[in-house]
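[1] Based on what follows, work out the 3D shape:
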Amino acid sequence: MGKPFELQPFQKLFIRATYEPHLGLRRAVRRAILSMARKNGKTALIAAIVLAHLVGPEAVVHGEIYSAANDRDQAAIVYKFARQMVELEPELAKEIELVPSTKTMVARRTASVYRAISAEAGTKHGYLPSLVIYDELAQAKNRDLYDVLDTSFGARDEPLFIVISTQSNDPEHIMSKLIDDGLSGVDPAIVCHLYAAAEDCELADEKQWHKANPALGKFRDYEDLATAIRKAIRMPAEEPKVRNLFLNQRVSSIASLISRAEWMACAGDAPLAQGEEVYLALDLSSTVDLTALMIGSVDDPCRIEPHFWKPRDHLTEHSSRDFGSGSHRYREWAEAGHLKISPGKSINPEVIALFIAEMTQRYKVKGMAYDRWRINDILREFDRIGLQAYEDGEKGGDGLRLVPWGQGFKDMGPAIDALELAIIERKLIHPGNPVLNWNMANAVATTDPAGNRKLDKDKARFRIDGAVSIAMLLGLRARDRGNEKPIDIAALIG
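    Below is the predicted model of the structure:
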């Protein structure tokens, strides 16, 4: 502190990309995202941009400038940094009145106001910002503050919303959505600069360190990063955190069963054909939560057709519970056709049974694996609607073959092995359904002393029903293949 603030090349690149494009006399960019690893000088950059809008070349009369943070402490840090800049520069001190009690600055000449705010500080309605800079949006527990600020610009001539943050570990988080949208290049009013290590990189690859840390060796301390990396190499439990925060990878702080890179490498469009041989796998929820049914082809690669249900009356409440207050994600998924709605307050077993019956008419179903939880409700509906079914191994059985699938190490161990193998060998194709993507990102496995694994719903952050059902499907498919008797060529010839 006390030295001239000199922009690094990556900061200059971001500033120019944000402020240089114009449409006539107006700035063209309305949203700018800068994502990089922790400790790369984002606080100093936020403070400098704030002052440029308060009394610098971007100042307007009666402007409202906000730096937004997720908690009071972080908001205070940003304000403190900007305040120190003002106090160390006499020209700035002459132009700006400081109000530390409310983390506010007022420009004497233009009456513009800067305030550091946090998600904890009550309502933000009534703001009319000319500039918002959101610090570490990826750490926001919900999108309430983001949504209020994003919809507050009103009649401002040149509104600008800047987000400077590491990546979120959740592919459905608002930060992930902003990055994906920005990188698509569809909207010229959006700038997105992402500094991140390759998802499948080795921790010790120093070239990847520089990709995520553009200030490495300058104000990002090299030895501090190297120490964190070495610790993660020695202690695998530290690896997910280091990859997320220090390599800016979109990974959970708890290691998922399947990495996002591997899972998304299997995404593709390969629909099932009517009359094709398939397997089914059903994971019933409690009466109010998510139910998953997977359909998968018998032949390689296994082409997956996922189906999910949620009770209509819980869409809003459970969106807030699972994704943060103000979220409407379940309803958005339903409107987009990724999630089916069961009328009322609970999953109606009749709806599931009728759908399974329809699938038995559309495909040649070789068997359905199921978790025993609440299966009797479905079996009663099968009887009521006249769908014939029999338990696997039952002599003389006719109709839909039902295969109970335990959720312990004995059954789930081989199922998880089959799922992993199919993904690693690219013998699985899924359609990129966001509900299934979310379930897979949440899936965490527990290992017993013998090395067998099962999916652990207690350790999982949120719902994993889709991961459970796809593992059961591939487990049944692998089990059936293992039980197939080799063809006796001699007998056929004879």
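
[2] And stretch 213-224, end to end?
    Distance between the two ends of stretch 213-224: 12 Å, counting by Cα to Cα, to the nearest Å.

[3] hmm, who's touching that stretch?
    Applying Cβ atoms under 8 Å, 6 or more residues apart in numbering, the contact partners of stretch 213-224 are 8-10, 36-37, 39-41, 44, 195, 209-210, 225, 246. Backbone N, C-alpha and C define where each C-beta goes, glycine included.

[4] and what of stretch 452-459?
    254, 257, 407-410, 412-413, 416-417, 443-448, 464, 467-468, 471.

[5] Quick check, pLDDT for residue 393.
    The model reports residue 393 with a pLDDT of 76.

[6] Check residue 407 too.
    At residue 407, pLDDT is 87.

[7] List buried members of the contacts of stretch 452-459 by neighbour count.
    Buried by 16 or more other Cβ atoms under 10 Å: 257, 407, 409, 412-413, 416-417, 443-445, 464, 467-468, 471, out of the contacts of stretch 452-459.

[8] Adding secondary structure and distance to residue 129, write those residues out as a markdown table.
    Output for the buried ones among the contacts of stretch 452-459, formatted as a markdown table (DSSP: H, G, I helix; E, B strand; the rest coil; distance: Cβ to Cβ, whole Å):
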| residue | secondary structure | distance to residue 129 |
| --- | --- | --- |
| 257 | coil | 42 |
| 407 | coil | 50 |
| 409 | helix | 54 |
| 412 | helix | 50 |
| 413 | helix | 54 |
| 416 | helix | 48 |
| 417 | helix | 53 |
| 443 | coil | 39 |
| 444 | coil | 39 |
| 445 | strand | 45 |
| 464 | coil | 39 |
| 467 | helix | 41 |
| 468 | helix | 44 |
| 471 | helix | 47 |
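
[9] Tell me which two of those sit farthest apart.
    Farthest-apart pair in those is 417 and 464; separation 17.3 Å (Cβ to Cβ).

[10] Identify each of the strands in the stretch 151-300 of the chain and give its residue range.
    160-165, 190-194, 277-283, 291-297 (DSSP state E, counting those that start in this stretch).

[11] mind putting the ones you listed in JSON lines, mean neighbour count and distance to residue 475 included?
    Putting these into JSON lines (neighbours: other Cβ atoms under 10 Å; distance: least, Cβ to Cβ, whole Å) gives the following:
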{"stretch": "strand 160-165", "mean neighbour count": "23", "distance to residue 475": "39"}
{"stretch": "strand 190-194", "mean neighbour count": "19", "distance to residue 475": "37"}
{"stretch": "strand 277-283", "mean neighbour count": "25", "distance to residue 475": "8"}
{"stretch": "strand 291-297", "mean neighbour count": "25", "distance to residue 475": "11"}
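
[12] could you dump those to JSON lines with mean pLDDT and distance to residue 95?
    JSON lines is the format used below for these (pLDDT from 0 to 100; distance: least, Cβ to Cβ, whole Å):
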{"stretch": "strand 160-165", "mean pLDDT": "96", "distance to residue 95": "21"}
{"stretch": "strand 190-194", "mean pLDDT": "97", "distance to residue 95": "28"}
{"stretch": "strand 277-283", "mean pLDDT": "96", "distance to residue 95": "62"}
{"stretch": "strand 291-297", "mean pLDDT": "96", "distance to residue 95": "59"}
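
[13] nearest to residue 421, of the ones you listed?
    Closest among those, using Cβ to Cβ: strand 291-297, at 14.1 Å.

[14] and stretch 289-307, how far out from the chain's middle?
    With Cα atoms, centre = their mean, to the nearest Å as the basis, stretch 289-307 stands 21 Å off its chain's centre.

[15] what's the span of that stretch from first residue to last?
    Start-to-end span of stretch 289-307 (Cα to Cα) is 14 Å.

[16] residues touching residue 109, list them.
    55, 95.

[17] just use 756 as the starting number from now, easier for me
    I'll keep to 756 as the first residue from here, and by that count the last item is residue 864.

[18] Pull up the per-residue confidence for it.
    At residue 864, pLDDT is 94.

[19] what's the answer for the one 10 residues further on, then?
    With respect to pLDDT, residue 874 has a value of 83.

[20] on that earlier part again, among the strands of the stretch 906-1055 of the chain, which comes closest to residue 1152?
    When the strands of the stretch 906-1055 of the chain are compared (using Cβ to Cβ), the closest one is strand 1032-1038, at 16.0 Å.
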